[in-house]
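>>> next comes the sequence, and after it the predicted model I'd like to discuss.
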Amino acid sequence: MKSEEMEKGKTYHEKHHMCMSIEGCLRNHKGKKIKIFTNDDGSQTSDKEARKYLAECQAKGWKVIPFGEPCEGFDYFGHGCPGHLISVTVNDPETVNEAV
């Protein structure tokens, strides 16, 4: 968002979506089963399926994967979420409006 598009009287903060390092996941699960992924039907993937998926991601050159659906501008090659401005009402810092 360009500064001229920002509304006066609002404060903007940056929201970042979480992602996971593929290499870190594999390193942290040496000798352990990977039980953090689910199939489309909600069932848990097997360790073999999870490792196959991560290997496929690495073969694409990906370094990170998002938790959940990827956000707009997600960078699989190392930086993850680029950040998204959200507006906060100046007089009420507890009130967070929708992402802009």
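Great, that's in hand. Numbers count the residues shown, from 1 in each chain.

>>> rest of the way, CA atoms for contacts and neighbours
Noted.

>>> so what's the residue count around residue 62?
19 (other C-alpha atoms under 10 Å).

>>> ditto for residue 77
13.

>>> swap in the one 5 residues further on?
Residues lying near residue 82 (other C-alpha under 10 Å) number 14.

>>> let me know the pLDDT of it.
Looking at residue 82, its pLDDT is 95.

>>> and the strands in the chain, which stretches?
Taking DSSP state E, the strands of the chain run over residues 10-15, 19-21, 64-66, 84-89, 96-99.

>>> residue 64 and residue 76 touch, don't they?
Yes - the pair residue 64 and residue 76 qualifies as a contact (C-alpha atoms under 8 Å) at a distance of 5.2 Å.

>>> neighbour count: the two, which is higher?
Neighbours per residue (other C-alpha under 10 Å) separate residue 64 from residue 76, with residue 64 holding more: 25 against 21.

>>> so who does the closest residue to that one other than its chain neighbours touch?
Once flanking residues are discounted, residue 64 sits nearest to residue 21: 4.5 Å by C-alpha to C-alpha, 6 or more residues apart in numbering. Applying C-alpha atoms under 8 Å, 6 or more residues apart in numbering, we find residue 21 in contact with 63, 64, 65.

>>> show me where pLDDT drops low in this protein?
Counting by pLDDT under 70, the chain contains low-confidence ranges at 1-9, 89-100.
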